[in-house]
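Student: fold the following, please.
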Amino acid sequence: MPLFLIAFAVGNLAGPLTIGHLFDTIGRKTMIAGTYITSGILLAVSAFLFNAGLLTATTQTIAWCVIFFVASPGASAAYLTVSEIFPLEVRAKAIAVFFAIAQSFGALGPVIYGTLIGDGSQPFKLFLGYLLGAAVMIAGGLVAVVFGVAAEGRSLEDVAPPLAATGRGRTGSTRAEGAASPLST
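Tutor: Residues are numbered from 1 along each chain as shown. Just a heads-up that it's a prediction; the model follows:
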């Protein structure tokens, strides 16, 4: 029923609006890891409830609204934060590459989900799909714990100094093909 999608959208929007500020106060690394791991655990719990036949369409929608409420601000912050760990000269490219990778995997979602649902006669396959999704979310949270950068309260230049400031930038007079020297007449 289309009305259930409105509930998902409300949960998806309410999370960033209500707990989004915690990413700047508690810290992005902590909050991204926490939201990813928490939403993964909640998805696993809902998967077990689904498999046991304890969820109706309404209770499953409520469970997923809570999951979206927790997961959405973490995913949004992760998109923004990923580029901050790269030097200024490559930040735009970094976020573009990560966005493209995420969209490529996201495009597979309907195919995988449709295969798992099938004709509805094998709900156990869907249960396994939910567990796979939960595992991916928890793994993402653990990656944030291990590899995340504590950037709260620091300027972007302190997190990742520009290449030009570190001496690792372009040296010499070699320019991109077709680029004129800024001082040429």
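Student: contacts and neighbour counts: CA atoms only from here.
Tutor: Fine.
Student: what kind of secondary structure is the most centrally placed residue in the chain in?
Tutor: When the chain is reduced to its mean C-alpha position, the closest residue under CA atoms, centre = their mean turns out to be Ala75, at 3.0 Å. Of the three states, Ala75 takes helix under DSSP: H, G, I helix; E, B strand; the rest coil.
Student: excluding chain neighbours, what is closest to Leu55?
Tutor: Leu49 (6.2 Å; CA to CA, 6 or more residues apart in numbering).
Student: returning to what we had before: how much space between the residue nearest to the centre of the chain and Pro110?
Tutor: 19 Å (CA to CA, to the nearest Å).
Student: secondary structure element for the residue lying closest to Val149 once chain neighbours are set aside?
Tutor: The spatially closest residue to Val149, leaving aside those adjacent along the chain, is Lys29, at 6.2 Å (CA to CA, 6+ apart). Secondary structure assigned from DSSP states H and E places Lys29 in helix 28-51.
Student: hang on, the residue nearest to the centre of the chain packs against Ile32?
Tutor: Yes. Using CA atoms under 8 Å, Ala75 is in contact with Ile32, at 7.4 Å.
Student: on that earlier part again, pLDDT of the helix holding Lys29, averaged?
Tutor: pLDDT averaged over helix 28-51 equals 96, rounded to a whole number.
Student: for Pro16, which non-adjacent residue is spatially closest?
Tutor: Across the structure, with CA to CA, 6+ apart as the measure, the residue nearest Pro16 apart from its sequence neighbours is Pro73 (4.5 Å).
Student: count of neighbours near that neighbour?
Tutor: Pro73 sits with 26 neighbouring residues when counted by other CA atoms under 10 Å.
Student: got the contact list for it?
Tutor: Residues counted as contacts of Pro73 (CA atoms under 8 Å, 6 or more residues apart in numbering) are Gly15, Pro16, Ile19, Gly20, Thr35.
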